[in-house]
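# Make a model of this:
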Amino acid sequence: MRLQSPHGSSDDTIDDTRTAAPELVYVRTGVNVAGGSVVQLNNPNGWYCMRSAVNVMGGLTIRLACEATFAMLGDDTTVLGNGADGDTGITVMGGTQVERDCG
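The predicted structure follows:
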């Protein structure tokens with residue numbers, strides 16, 4: 001199991017590690033307030049687990065490798081915003097979306 005946290009000096013979280021076998025990865029993200037944030041999870045063998053993302057007056061995009069597995073732990077609440085189908089965390093006056101990179 002690996003713990004993935006923000007990469008570099010940006011607020012984005014990126015996992016570029018590709019493994020030959022399935023790997024459990026716990027993804028930590030911060031609170032996104034009045035900005036845009038991207039979480040890129042590129043390991044096709046990744047089994048990603050993320051604590052509920054908190055998104056206030058901003059946008060959060062989660063980009064997954066096509067074959068990756070993803071689960072969000074915690075509550076799913078949207079107030080004056082839009083969220084993707086399924087568990088996307090807590091969103092207030094913002095938007096959260098999950099995209100699969102299958103191309």
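
# can you pull out the strands in the protein?
Per DSSP state E, the chain carries strands over the ranges 2-4, 13-15, 23-27, 32-33, 36-41, 46-51, 54-56, 59-65, 69-73, 77-79, 82-83, 90-92, 95-101.

# Who are the packing partners of the fifth one?
Using 3 or more Cβ pairs under 8 Å, 6 or more residues apart in numbering; DSSP states H and E as the contact definition, the elements that strand 36-41 packs against are strand 13-15, strand 23-27, strand 59-65. To be clear about C-beta, it is placed using only N, CA and C from the backbone, and glycine gets the same treatment.

# which one of the strands of the chain has the lowest average pLDDT?
Of all those, mean pLDDT reaches its minimum on strand 82-83 (a mean of 54).

# Just send the helices and strands packed on strand 36-41 back as JSON lines, with mean neighbour count and distance to Cys49 too.
Putting the helices and strands packed on strand 36-41 into JSON lines (neighbours: other Cβ atoms under 10 Å; distance: least, Cβ to Cβ, whole Å) gives the following:
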{"stretch": "strand 13-15", "mean neighbour count": "19", "distance to Cys49": "12"}
{"stretch": "strand 23-27", "mean neighbour count": "17", "distance to Cys49": "5"}
{"stretch": "strand 59-65", "mean neighbour count": "20", "distance to Cys49": "12"}
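
# Having no further points to raise, I will conclude here.
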